[in-house]
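*Asks:* Fold the following and give me the result.
(chains A and B)
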Amino acid sequence: MEHYYQPEIECASREQIKAWQDERLVAQVRHVWDNVPYYRKKMEAKGLTPADVKSSDDLHKLPFLTKADLREAYPYGLVGAPLKDCVRIQSTSGTTGKRVVAFYTQEDIDLWEDCCARAIMAAGGTNEDVCQVSYGYGLFTGGPGLNGGSHKVGCLTIPTSSGNTERQIMFIQDLSATILCCTPSYAAYIGETMKEMGLGPEDIPLKAGIFGAEAWSQEMRRDIENTLGIKAYDIYGLTELSGPGVSFECSAQSGMHVNEDHFIAEIIDPETGEVLPEDAQGELVFTSLTKKAFPLLRYRTRDICTLTREPCPCGRTHVKMQKPQGRTDDMLIIRGVNVFPSQIETVLLNHGYSANYQILVDRVKNTDTLDVQVEMTPEMFTDNLGDVSARQKELAEGLRSMLGLTAKVTLVAPKSIVRSEGKAVRVIDKRKI
Amino acid sequence: MTVNQISVFLENKPGTLTTMTGLLAENGIDMRALSLAETKDFGIVRIIVDDVYKATTVLKDGGFIHQLTPVLAVLIPDEPGGLHQVLEVLRKVEVNVEYMYAFLGGGDVDHAYMIFRVQDVKKAGSALAAKGIKLVNQDSIAEI
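*Replies:* This is a model prediction of the structure:
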């Protein structure tokens, strides 16, 4: 039996969804015009006023927002509500060291948690379930989002956060967790650890998993499903828009329903910015319809994706997006964390190394690995092994603090990193996703 | 009274040390002493050579990162307590030895040479000299 959190919304007619979008977009454009001077200037530059947006059909007229805008407007430039009405921030890494900081009013959090609740119920969750949230809690949106959604569904929620894998398994067993929320690579890791402990899928009561924040293949899905004895569901989101739950998978497991009462999804040509017809592949762009504290209009995700409106057997009517097929920028997602090569470069230069480096990303036993190879420089070299090792450690620590991720640092001989003509090959991603 | 040690950065992968020794061989540079310190992914090879200028030039041209460090080359009598006597002197003047390594000189068999890397070469050098312990300088290294 299919479960819905808000069936009247999730299964609304296309006309009804369009009507919500029309009304909410008009109101949102007015809200942004009145409260976000940064975006108002962008509209004015295109000769637009709120009167030009009469329905969602006029969306294409509006200017885009990009990660560069977020950086320029950091930290308050895109905030649309008085700070006294904001109750929380969440944050993710930005392109050059400055982080993306997104703001929420209490209502924003409420609506975000609704979206996560829809995802949990689409995965079969009800108030009878025990939901273990093994996403990180804190600035990362994964933990707080699914935690809130789990409360809304009425699940008994176990906020383990990530890490301490044997304890995770102990809770799953002792408290009979039926739903697991985490990154797919962590789910795979939990599976590996179970095997090492001599445990199989029959030893745990889990029935479903909600996994997101990084790319994963169908093969990995089958792997996790077999090792944990569950059905594995994908979930998608961005901190800029709220967090996980912008879209989510249903029982059909064939794409993620976008919560269209809160977000309008568009696919554009990343070169020209033109909106592409249905089913075309292009860059995914989102407009937030209901968020007040951080109301982004036409935010370019840089994810390459397709949308489909084919009727879904689950009964939901909201448009489905396919798993992102890649990126239009150089962002890497490593163990669920966004990593930009430029961030790594900043750390290297700050530590006195040259900008000759290479980033090797791989997936070993379903866990992403990050190896930063740096060319040794005469300035950084001494005859003392301890000194050089200490510098290597300092650099690894600097990377950890910038990225929020452990990276291995390998010092290599000068000129050993291949110089290419033109654009340097900074990233070698060996993962097969 | 010091000797210039050349320390070379070596990435830990097959053939890097061979490339370096090949470079020195091609250029007719004679190594008097060598010691290797390594971690899992890189190493530092420390060498004492007959011609420091030439060696550093060819290493630089060969793309090797290196550094010169003044070290003490001490002549140690080949007899029981020979090394101990030297270390005692350094202990008394509170000079810490960061690392050391030994080599044998040419046809001479009644003594060995030992390289000492210390923070304060001046203090250590004069303390040793005051005790009549023989130090070798860069010029005589070439002649050993």
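
*Asks:* Correct me if wrong: residue A:194 contacts residue A:202.
*Replies:* No - distance between residue A:194 and residue A:202: 10.9 Å, which falls outside the contact criterion (C-beta atoms under 8 Å). Where C-beta positions appear, they are placed from N, C-alpha and C, glycine not excepted.

*Asks:* Kindly report the residues of chain B close to chain A.
*Replies:* Contacts of chain B with chain A, taken as C-beta under 8 Å from any C-beta of the partner chain, map to B:5, B:7, B:9-11, B:16, B:37-39, B:41-42, B:44, B:46, B:63-67, B:69, B:98, B:117.

*Asks:* Now residue 121: phi and psi?
*Replies:* In the absence of a named chain, this looks at chain A. phi -70, psi -30 (degrees, to the nearest 10).

*Asks:* repeat for residue A:385
*Replies:* phi -60, psi -40.

*Asks:* what number of residues lie near it?
*Replies:* Burial of residue A:385, expressed as a neighbour count using other C-beta atoms under 10 Å in any protein chain shown, amounts to 18.

*Asks:* Run through the residues that contact the residue in the stretch 201-350 of chain A that chain B sits nearest to.
*Replies:* Closest contact between the stretch 201-350 of chain A and chain B, by C-beta to the nearest C-beta, is at residue A:348 (16.1 Å). With C-beta atoms under 8 Å, 6 or more residues apart in numbering or on different chains as the criterion, the residues that contact residue A:348 are A:354-355, A:357, A:372, A:374, A:395.

*Asks:* distance of residue B:141 from residue A:415?
*Replies:* As judged by C-beta to C-beta, to the nearest Å, residue B:141 and residue A:415 stand 31 Å apart.

*Asks:* remind me which residues of chain B are low pLDDT?
*Replies:* Scanning chain B for pLDDT under 70 picks out the ranges B:106-109.

*Asks:* So which residues of it form helices?
*Replies:* Per DSSP state H, chain B carries helices over the ranges B:16-26, B:52-61, B:82-92, B:121-130, B:138-143.

*Asks:* residue contacts, residue A:156?
*Replies:* A:129-131, A:175.

*Asks:* Just the element for the residue of the stretch 201-350 of chain A closest to chain B, please.
*Replies:* Element membership for residue A:348 (DSSP states H and E) is helix A:341-350.

*Asks:* Okay, and residue A:68 sits in which element?
*Replies:* Counting by DSSP H and E, the secondary-structure element that holds residue A:68 is helix A:67-72.

*Asks:* was I right about residue A:30 contacting residue A:50?
*Replies:* Yes - at 4.7 Å, residue A:30 counts as touching residue A:50 under the criterion of C-beta under 8 Å.

*Asks:* Compute the mean per-residue pLDDT across stretch A:371-391, please.
*Replies:* When pLDDT is averaged along stretch A:371-391, the result is 89.

*Asks:* Let me see the residues that make contact with whichever strand or helix holds residue A:102.
*Replies:* Using DSSP H and E, residue A:102 maps to strand A:100-105. With C-beta under 8 Å, 6+ apart as the test, strand A:100-105 has contacts from A:67, A:70, A:74-75, A:79, A:81, A:85-94, A:112, A:239-240, A:242, A:291-294.

*Asks:* What does the pLDDT read for the residue of the stretch 201-350 of chain A closest to chain B?
*Replies:* Listed pLDDT for residue A:348 reads 87.

*Asks:* and what of residue A:422?
*Replies:* As summarised for this prediction, residue A:422 has a pLDDT of 51.

*Asks:* Given the strand holding residue A:102, what are its sheet partners and their directions?
*Replies:* Sheet pairing for strand A:100-105, assigned by DSSP bridges, gives strand A:86-92 (antiparallel).

*Asks:* tell me which element residue A:152 falls in.
*Replies:* Element membership for residue A:152, per DSSP H and E: helix A:142-153.

*Asks:* What residues sit buried inside that helix?
*Replies:* Along helix A:142-153, the positions that meet the burial threshold by neighbour count (16 or more other C-beta atoms under 10 Å in any protein chain shown) are A:142-150, A:152-153.

*Asks:* Ok, stretch A:329-342 next?
*Replies:* If you call a residue buried by 16+ other C-beta under 10 Å, then stretch A:329-342 has these buried ones: A:329, A:331-341.

*Asks:* What's the mean pLDDT across it?
*Replies:* Stretch A:329-342 shows a mean pLDDT of 85 in the predicted model.

*Asks:* I'd say residue A:355 and residue A:345 touch.
*Replies:* Yes - the pair formed by residue A:355 and residue A:345 meets the contact definition of C-beta under 8 Å, at 5.7 Å.

*Asks:* what do these two both touch?
*Replies:* Jointly contacting residue A:355 and residue A:345 under the rule C-beta under 8 Å, 6+ apart is no residue at all.

*Asks:* neighbour count winner among those two?
*Replies:* The residue with more neighbours, out of residue A:355 and residue A:345, is residue A:345; 17 against 13, by other C-beta under 10 Å.

*Asks:* Settle this for me: that one is touching residue A:356, isn't it.
*Replies:* No - here residue A:345 does not reach residue A:356: they are 10.1 Å apart, not a contact under C-beta under 8 Å.

*Asks:* related to what we said a few turns ago, which one of residue A:194 and residue A:202 is surrounded by more residues?
*Replies:* Comparing residue A:194 with residue A:202 by other C-beta under 10 Å, the one with more neighbours is residue A:194, at 22 against 7.
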